[in-house]
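Peer 1: Task: produce atomic coordinates for the following.
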Amino acid sequence: MAQGLSVRGLSAQGLTLIELIIAMAILAVLASAVLPLAETTVKRTKELELRRSLREIRTALDAYKADYDRAVLEKKIIPTLGDSGYPEELDDLLEAHEWGGLYTSKRRYLRRIPKDPFDTVDQGWGLRAYEDDADSFSYGGGNVYDVYSQSDGIGLDRTPYRSW
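Peer 2: Numbers count the residues shown, from 1 in each chain. As a prediction, this is how the structure comes out:
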């Protein structure tokens, strides 16, 4: 008969069932330790993106207000009664403004409105007007003074995303 087909030769070349079960158990223990770390990393990355998006929009709002104030101060534009100097809607940051010739070219504050990484139903940013209470989540309209996430989630630092 053919050599090398003995029972002793086959067991030396492969794994026994016990060795396979032990290897799978070790892999399961390692995987159960790694999965929570991976979930935390994904959440931390989304939180960093949320902070970056909020900073980008708030910086653009502040730049818009500073240009408005400068144009009024230099008498390039005439303010209307009750105008706070903040944009009427968030999309105004995407449009080019000339501010009555304050600058040699029109100024645009954002190329696009950043997305909220925790917005799963596409409801957009929550808005606050200049006249609204700082802690309120109801938009009074008229201008956009601040933005916030409308997510009901809680951050890794145990604060709600709405309060960021």
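
Peer 1: what helix or strand is the residue nearest the centre of the chain on?
Peer 2: In the chain, the residue lying closest to the centroid (CA atoms, centre = their mean) is Leu50, at 2.4 Å. Secondary structure assigned from DSSP states H and E places Leu50 in helix 17-73.

Peer 1: Can you measure across stretch 143-157, start residue to end residue?
Peer 2: End-to-end distance of stretch 143-157 (CA to CA, to the nearest Å): 31 Å.

Peer 1: What's the mean pLDDT across it?
Peer 2: In this model, stretch 143-157 has an average pLDDT of 92.

Peer 1: And the contacts of it?
Peer 2: 40, 43-44, 47, 50, 54, 57-58, 61, 84, 86-90, 92, 116, 118-120, 123-130, 132, 134, 137, 160-164 (CB atoms under 8 Å, 6 or more residues apart in numbering). C-beta here means a position set from N, CA and C on the backbone, and glycine is covered the same way.

Peer 1: what's the answer for stretch 121-132, then?
Peer 2: Contacts to stretch 121-132, defined as CB under 8 Å, 6+ apart, come from residues 57, 84, 86, 90, 113, 116, 134, 136-150, 162.

Peer 1: Go through the residues you listed and flag which are in helices.
Peer 2: Among the contacts of stretch 121-132, the members found in helices (DSSP state H) are Ile57.

Peer 1: Give me the residue ranges of the chain where confidence is low.
Peer 2: 1-12 (pLDDT under 70).

Peer 1: Kindly recompute the last result at 80.
Peer 2: Counting by pLDDT under 80, the chain contains low-confidence ranges at 1-14, 133-138, 140.

Peer 1: I'd guessed Pro79 sits against Val72; true?
Peer 2: Yes: if you go by CB atoms under 8 Å, Pro79 and Val72 touch, sitting 5.2 Å apart.
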